[in-house]
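1. Fold the following and give me the result.
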Amino acid sequence: MLYQLRQREKGALNMKRNDGIHTFSLKIRSSYSEIQNIRAQNACIHGKHDRFSLNQNFCIADYKDKGVEILLHQSLVHPSWITLIVNPSSLLADKYQPTELFCPTEQIMKQLKTRLRTILDEIGLDTRLKAFRLSRCDQTRDRYYSSADEVAIWLGIFKKSWHMPRYAAVPFPKDSESDEKWKGANQHAWTIANKSCAFSVYDKAYELKKRHKVKINAHILRLELRLSRKRICKLCHEIAWDKQLLELHKKQDAQLDKFLHRLHLPENTRLVTLTQALEIINASRFREKTKKKLRRIVKKANGCESLAAVQRETRIRKKDFTKMLGKFETLGICPISVGFLYDAQK
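-> Below is the predicted model of the structure:
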């Protein structure tokens with residue numbers, strides 16, 4: 001495996017990737033009676049509810065394979081809500097598209113709204129589409145690799161990356177899963193989140209196989225930046241949800257690249273061995289004092305579980321350490337990858 005990874009190093013910058021929107025959610029305030037009428041006309045799955053059924057959740061799953069899941073939150077004591085979870089690629093194709101990503105244009109948005117309108121009419125909801133608000137948008141980047149081992153290595157590197165302030169790791173909850181499924185889900189995915197957005201990295205092939213019983217031949221590492229309503233309003237000048245999707249898509253590359261920069265894992269990061277890392281550092285134009293710190297960091301990375309652990313082991317001040325990580329970005333390498341290839345070599 002190590003030989004194969006070395007052979008691919010020169011082509012790392014030309015790695016195949018696909019960018020687009022995977023899922024978005026539309027939300028609108030409703031009434032108890034309106035949701036009651038929708039429930040009477042459609043087959044609904046009863047979800048979570050409180051002891052006295054003052055707050056109940058229902059799901060219309062008949063259109064899920066076509067790209068739309070409809071959630072109904074019915075309450076006697078709080079506002080009621082209707083949420084549309086839309087997979088636009090599947091909705092436009094009229095069938096489930098496991099790996100396609102949505103790249104909106106004005107013309108495609110018209111087709112999307114026509115299909116959504118048809119579904120709303122079928123379930124008996126006559127609310128105008130323009131009245132909905134965009135409550136979530138998943139900006140997505142798929143990285144295609146040549147093997148499952150390479151996907152696992154990169155996922156491990158993300159898990160051990162430099163953790164950002166105000167973000168916390170969010171593992172899968174154990175409530176509804178068996179121990180085996182719970183451990184497998186957390187092994188093949190990693191999520192960090194704050195109040196307004198979440199960032200996930202996961203093995204798409206594993207997720208499709210375990211959750212949707214779909215097998216694909218591609219080896220995909222999916223990067224997903226999930227924006228909440230609060231973050232969407234900060235990023236967009238537009239008010240209408242269709243215009244917001246167009247604006248978010250235009251800003252997607254910049255948003256994802258900025259996030260990767262904050263993790264110190266930009267797109268030009270390569271997998272390297274310890275020997276290769278030292279050669280790259282020695283050949284750089286940095287001062288000898290800086291090179292010494294960089295060499296110290298990559299040597300410690302062999303046995304450390306994360307970049308935070310490397311910082312503690314090297315006893316470099318946090319401020320100086322983040323500066324050194326910036327130097328690694330300039331060189332196109334990450335010290336954590338050194339440890340992974342060292343393990344692979346053993």
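
2. Run a quick neighbour tally on residue 330.
-> Neighbour count for residue 330, taken as other CB atoms under 10 Å: 12. Yep, even glycine has a C-beta here, placed from its N, CA and C like the rest.

3. How about the contacts made by it?
-> Counting by CB atoms under 8 Å, 6 or more residues apart in numbering, residue 330 touches residue 284.

4. could you check the distance from it over to residue 143?
-> Between residue 330 and residue 143 the computed distance is 21 Å (CB to CB, to the nearest Å).

5. which residue is nearest the centroid of the protein?
-> residue 224 (1.7 Å; CA atoms, centre = their mean).

6. pLDDT wise, what is the residue nearest to residue 94 when sequence neighbours are not counted at?
-> Leaving aside its chain neighbours, residue 94 sits nearest to residue 66 (5.7 Å; criterion: CB to CB, 6 or more residues apart in numbering). Per-residue confidence (pLDDT) for residue 66: 92.

7. so who does residue 66 touch?
-> Contacts here follow CB under 8 Å, 6+ apart; on that basis residue 66 touches 90, 91, 94, 95, 96, 119.

8. on that earlier part again, doesn't the residue nearest to the centre of the chain lie inside a strand?
-> Yes - secondary structure of residue 224 (DSSP: H, G, I helix; E, B strand; the rest coil): part of a strand.

9. my read: it touches residue 197, true?
-> No - contact criterion CB atoms under 8 Å: residue 224 and residue 197 do not qualify, at 10.5 Å.

10. Just name the shakiest helix or strand of the protein by mean pLDDT.
-> helix 2-7 (a mean of 41; mean pLDDT, DSSP states H and E).

11. Distance from stretch 200-215 to the middle of the chain?
-> Relative to the centre of its chain, stretch 200-215 is centred 13 Å away, using CA atoms, centre = their mean, to the nearest Å.

12. ok, and what's touching it?
-> With contacts defined as CB under 8 Å, 6+ apart, stretch 200-215 is touched by 96, 98-99, 142, 148, 151-152, 155, 158-159, 181, 184-185, 188-191, 216, 218-224, 226.

13. Could you pick out the buried ones from these?
-> Neighbour counting with 16 or more other CB atoms under 10 Å marks 98-99, 142, 151-152, 155, 158-159, 185, 188-191, 219-224, 226 as buried within those.

14. Could you tell me which of these belong to helices?
-> 151, 152, 155, 158, 159, 185 (DSSP state H).

15. residue boundaries of the helices in the protein?
-> Counting by DSSP H, the helices of the chain are 2-7, 32-41, 88-93, 106-123, 148-159, 179-187, 204-212, 229-235, 241-262, 274-283, 288-301, 307-314, 318-331, 335-345.

16. Can you say which of those helices is nearest to residue 76?
-> Proximity to residue 76 (CB to CB) singles out helix 32-41 among the helices of the chain, at 6.5 Å.

17. Kindly calculate the angle that the closest one makes with helix 106-123.
-> For helix 32-41 against helix 106-123, the angle by axes from the mean of the first three to the mean of the last three CA atoms, to 10 degrees is 80 degrees.

18. same for helix 32-41, what does it pack against?
-> strand 55-60, strand 68-75, strand 80-86 (3 or more CB pairs under 8 Å, 6 or more residues apart in numbering; DSSP states H and E).

19. Buried residues, it. List them.
-> Across helix 32-41, burial judged by 16+ other CB under 10 Å covers 34, 35, 38, 39.

20. so where's the stretch 201-346 of the chain uncertain?
-> Residue ranges of the stretch 201-346 of the chain with pLDDT under 70: 339-346.

21. Test my guess that residue 67 contacts residue 88.
-> Yes - here residue 67 reaches residue 88: they are 6.7 Å apart, a contact under CB under 8 Å.

22. Output the helices and strands packed on helix 32-41 as JSON lines; include the columns distance to residue 244 and mean neighbour count.
-> JSON lines is the format used below for the helices and strands packed on helix 32-41 (distance: least, CB to CB, whole Å; neighbours: other CB atoms under 10 Å):
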{"stretch": "strand 55-60", "distance to residue 244": "25", "mean neighbour count": "18"}
{"stretch": "strand 68-75", "distance to residue 244": "18", "mean neighbour count": "21"}
{"stretch": "strand 80-86", "distance to residue 244": "13", "mean neighbour count": "21"}
